[in-house]
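A.B. asks: Need the 3D shape of this:
(chains A and B)
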Amino acid sequence: MSFERTQEKLKILADAAKYDVSCASSGSKRSNTSKGLGDATGMGICHSYTEDGRCVSLLKILLTNYCIFDCAYCVTRKSNDIKRAAFQVQEVVDLTINFYRRNYIEGLFLSSGIFKSADYTMERLVAVAKKLRLEENFNGYIHLKSIPGASDELMKEAGLYADRLSVNIEIPTKEGLKLLAPEKNREDFIKPMKKVKNEIILYNSEKKLIKSTPKFAPAGQSTQMIIGAIGESDQQIMWTSNYFYKKFNLKRVYYSGYIPISYDTRLPQIGTAVPMLRENRLYQTDWLMRFYGFEVHEILNNDHQNLDLEVDPKLGWALRNLEQFPVDVNKADKRMLARVPGLGMKSVYKILQARRFRNLNWEHLQKMGVALNRAKYFLICQSRDFERRDLTGPQLKSLILQNSTSKYQKILSPQLSLFE
Amino acid sequence: MILPQDYTLVYDGTFDGFLTCVFHVYDLKLKQVHIQRKSHAQESLFGTSEEVLTDLEKSDRVWKGIKKKTTAKGRSKLYYAFLSEQKQVENLLLRYIQYALNSTMLIDADFANQDVLKVTQVAKSVGREKHRMEAFVRFRLTKDGLYFANIEPDFDVLPLISAHFKRRYADQKWVIYDLKRNYGLYYDLEKVDIINLSLPDDFDATKTTSEFFATEELEFQTLWQDYFESTNIPSRKNMKLHIQHVPKRYWKYLSEKLR
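C.D. replies: Numbers count the residues shown, from 1 in each chain, chains lettered A, B, ... in the order given. Next up, the predicted model:
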């Protein structure tokens, strides 16, 4: 490995890969059985964090940033005048192994621009994973990008070596995709996703009969959408997300606030702020769907097409459904406790456990870490003290906002900075 | 405060030593008792102080008793909290154990009890430090082909991370050395041993000199630093969040933060 050449390529191809926000390294079951290198059984580990606060868990690089496509939102689009580079298979293998041995990373996240054809590109991604597994006896985490349009045979092989596969649907609406990436259509994204989903189901059912069935993409599939590039609503984003979770059993959908990288008039102009608060609210909604037992239409529907940026989506839902409150901390079931603003799933667990021993009061809840500034309006407990006023949703909202400070204060009230 | 009728047990700082103290508390029916590790022990004018010698038979009996009255989770909490080395943690653990032994129910999840909640919280911070060390250990390849890492964790987490590193780096020799507590783990491709090193006087743990480390080591550190820089998105910069995830006290041994 020539140090200078690798160094140059790494800078270009890491820079080009950073817009893919996924860095998960959890959910796999690959253990180190033959005294090889690496183990991907436990929870994911973030070995470092970038200055923008994102986790660095995997060596996230492109195999190449040469690309035959010209998608407006993408930094490696054909018409963009940037430096291009391509790794050799062995270079990626060497970097992965040497970074892993130093405990820098959990594994590799390999994506690529599309050169020549979908299959030609996918073949090379698979070749890297295969070499790591078979020649280097590497049991760390491998995340491969599914190249839209890749053949079923290649996707099948990819699943045998990778822990996770992902294909980004990029734009939440079909119309938006047509506008920004006219050469692509959604079917191309869906084809490899469908193949992988079916193979996972097949392998899992075979595994029940024959224990030695090899693993197939044990950490499942994920996808990513760009937020705020084409004026879509939160409802469109989350309903699309819900569709992919349900239809393709996805493990994760990522939401990536659009970072202006182009003067293309179809897109927000360079200098436009990244919609980070909106991104955060979307992730909160995603969590409510996956862990808190909410259906997407409860939070976003034709009457409420966008999330309230001022309050979290659970509080937003509760303010519209005050008739379901207050909830008795000492009696309510898990489902309803999970719907109380200010109660996370860890608090719910603690409450369910602790109330077996005694009835809980405000002091108990506070010590356990419940966010009472929100929760107190929605709960009753072992105390005469509770919210007796018959407040309306808007009254309650302003009361809660008065008594709390958001970490997004600056974004919410930009006019303040004028007087500072 | 230590009062005249109080009883202080001093032990060697090991978990078995602590459990031996618990044995004494029950054996001698001690009330008003304080347990202190030797290195923390303060001379007191009042009360009675006694040094307890670690006795594996006694500690074993106590542990067996605890086993009957706690869940596996509860016992792991006790051990984690013990490794926090926090002042007076022994007294907290003693109260927890007494509460568990006196109860008919398994009390590990009685989070409205302040001792149970406190042990849970301390155990959680130790768990967080364990996880941080699994993340922040940075091995450097020495001239002898050994992967060497130095750490200074807030709590004594080496016993907790040993299995993780053994499983993961089964095919390379490695050392993880706690400079604060002056002991480390050495894996020789077969087993993990506890070692004490006498590091050279001029050894600077933050520097990768060619005297100790392989020539390619600096190259890989450079590539890693480059990668760390390239993967950052400046328009999303959020140093508050960054420091929350990677507190400054860990920076000195993180090669990506040295540039």
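
A.B. asks: And the residue of chain B that's closest to chain A?
C.D. replies: In chain B, no residue comes nearer to chain A than B:L241, which is 3.1 Å away by Cβ to the nearest Cβ. C-betas here are computed from N, CA, C, even on glycine.

A.B. asks: B:L199: neighbour count?
C.D. replies: For B:L199, the neighbour count with other Cβ atoms under 10 Å in any protein chain shown is 13.

A.B. asks: That one: what secondary structure?
C.D. replies: Assigned by DSSP: H, G, I helix; E, B strand; the rest coil, the conformation of B:L199 is coil.

A.B. asks: which residue is nearest the centroid of chain B?
C.D. replies: B:D156 (2.0 Å; Cα atoms, centre = their mean).

A.B. asks: which residues does that residue contact?
C.D. replies: By Cβ atoms under 8 Å, 6 or more residues apart in numbering or on different chains, the contact set of B:D156 is B:83, B:85, B:178, B:181.

A.B. asks: is it fair to say it lies in a strand?
C.D. replies: No: assignment of B:D156 by three-state DSSP gives coil, placing it outside any strand.

A.B. asks: For the stretch 1-150 of chain B, which residues are neighbours of chain A?
C.D. replies: By Cβ under 8 Å from any Cβ of the partner chain, the part of the stretch 1-150 of chain B that sits against chain A consists of B:105, B:107, B:109-114, B:117, B:131, B:134-141, B:147, B:149.

A.B. asks: where exactly do the strands run in chain B?
C.D. replies: Ranges of strands within chain B are B:7-11, B:33-37, B:48-51, B:140-141, B:147-151, B:174-178, B:183-187, B:192-195, based on DSSP state E.

A.B. asks: Could you do chain A as well?
C.D. replies: Using DSSP E, strands in chain A cover A:48-49, A:55-56, A:58-62, A:107-111, A:141-145, A:164-166, A:221-227, A:252-257, A:327-328, A:379-380.

A.B. asks: Out of those strands, which is closest to chain B?
C.D. replies: Of all the strands of chain A, strand A:48-49 comes closest under Cβ to the nearest Cβ, at 4.1 Å.

A.B. asks: helices or strands up against that closest one?
C.D. replies: With contacts taken as 3 or more Cβ pairs under 8 Å, 6 or more residues apart in numbering or on different chains; DSSP states H and E, strand A:48-49 sits against strand A:55-56, helix B:239-245.

A.B. asks: which of these is buried the deepest?
C.D. replies: Mean neighbour count (mean count of other Cβ atoms under 10 Å in any protein chain shown) peaks for strand A:55-56 among those, with a mean of 21.

A.B. asks: pretty sure A:K78 is in contact with A:R84, am I right?
C.D. replies: No: between A:K78 and A:R84 there is no contact under Cβ atoms under 8 Å: 10.3 Å.

A.B. asks: Just confirm yes or no for stretch A:339-353 near chain B.
C.D. replies: Yes: interface with chain B: stretch A:339-353 contributes A:350, A:353 (Cβ under 8 Å from any Cβ).

A.B. asks: residues of that stretch that come out buried?
C.D. replies: Residues A:339-344, A:347-348, A:350-351, A:353 are the ones in stretch A:339-353 that count as buried (16 or more other Cβ atoms under 10 Å in any protein chain shown).

A.B. asks: Give the burial count for the spatially closest residue to A:L202 that is not a sequence neighbour, as a bare number.
C.D. replies: Spatial nearest neighbour of A:L202, chain neighbours left out: A:F216 (7.9 Å); criterion: Cβ to Cβ, 6 or more residues apart in numbering or on different chains. Other residues near A:F216 come to 22 when the count uses other Cβ under 10 Å.

A.B. asks: who are the neighbours in contact with A:F216?
C.D. replies: Each residue near A:F216 by Cβ under 8 Å, 6+ apart is listed here: A:159-160, A:199-200, A:202-204.

A.B. asks: at 6 Å instead, please
C.D. replies: Contacts for A:F216 (Cβ atoms under 6 Å, 6 or more residues apart in numbering or on different chains) come out as A:159, A:199-200, A:203.

A.B. asks: among those residues, who's most crowded?
C.D. replies: A:G159 (26 neighbours).

A.B. asks: from memory it sits against A:K215, does it?
C.D. replies: No: with contact defined as Cβ atoms under 6 Å, A:G159 does not reach A:K215; the gap is 8.6 Å.

A.B. asks: how is chain B carved up into domains?
C.D. replies: In terms of domains, chain B is parsed into B:7-129, B:137-257 (source: automatic domain parsing).

A.B. asks: As TSV, these with mean pLDDT would be great.
C.D. replies: Shown next, in TSV, are these (pLDDT from 0 to 100):
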stretch	mean pLDDT
domain B:7-129	94
domain B:137-257	94
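
A.B. asks: which stretches of chain A have low pLDDT?
C.D. replies: When residues are selected by pLDDT under 70, those of chain A lie in A:1, A:406-420.

A.B. asks: residue of it with the smallest distance to chain B?
C.D. replies: For chain A, Cβ to the nearest Cβ, closest residue to chain B: A:G53, 3.1 Å.

A.B. asks: what about that residue, neighbour count?
C.D. replies: Count around A:G53 with other Cβ under 10 Å applied: 17.

A.B. asks: Not counting sequence-adjacent ones, nearest residue to it?
C.D. replies: Sequence neighbours aside, B:L241 is the residue nearest to A:G53 in space, at 3.1 Å (criterion: Cβ to Cβ, 6+ apart).

A.B. asks: what do you get for B:I233?
C.D. replies: Spatial nearest neighbour of B:I233, excluding adjacent residues (Cβ to Cβ, 6+ apart): A:D52 at 5.1 Å.

A.B. asks: That neighbour and B:M239 touch, don't they?
C.D. replies: No: assessed by Cβ under 6 Å, A:D52 is found out of contact with B:M239, at 9.0 Å.

A.B. asks: Which ones among the residues of the stretch 1-150 of chain B next to chain A lie within helices?
C.D. replies: B:114, B:117, B:131, B:134-136 (DSSP state H).

A.B. asks: neighbour-wise, which of the residues you listed leads?
C.D. replies: Compared across these, B:A135 has the highest neighbour count, 24 neighbours, by other Cβ under 10 Å.

A.B. asks: wouldn't it be in contact with A:S48 here?
C.D. replies: No: the pair B:A135 / A:S48 is not scored as a contact, 7.6 Å apart, by Cβ under 6 Å.

A.B. asks: could you list every residue that touches residue 238?
C.D. replies: No chain was given, so I picked chain A. A:285, A:296, A:300.

A.B. asks: The intended chain is chain B.
C.D. replies: By Cβ under 6 Å, 6+ apart, B:N238 lies in contact with A:52-53.

A.B. asks: swap in A:A129?
C.D. replies: A:A129 makes contact with A:142, A:144, A:161-162, according to Cβ under 6 Å, 6+ apart.

A.B. asks: what about it, distance to B:E85?
C.D. replies: From A:A129 over to B:E85 the distance is 44 Å, taken as Cβ to Cβ, to the nearest Å.

A.B. asks: returning to that earlier point: whichever of the contacts of A:M238 end up buried, select them in PyMOL.
C.D. replies: Only the buried members of these end up in this PyMOL selection, burial being decided by 16+ other Cβ under 10 Å:
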select buried, chain A and resi 285+296+300
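
A.B. asks: how about the buried residues of stretch A:339-353, which pair is most distant?
C.D. replies: Distances among these were taken as Cβ to Cβ; the most separated pair is A:P341 and A:Q353, at 21.1 Å.
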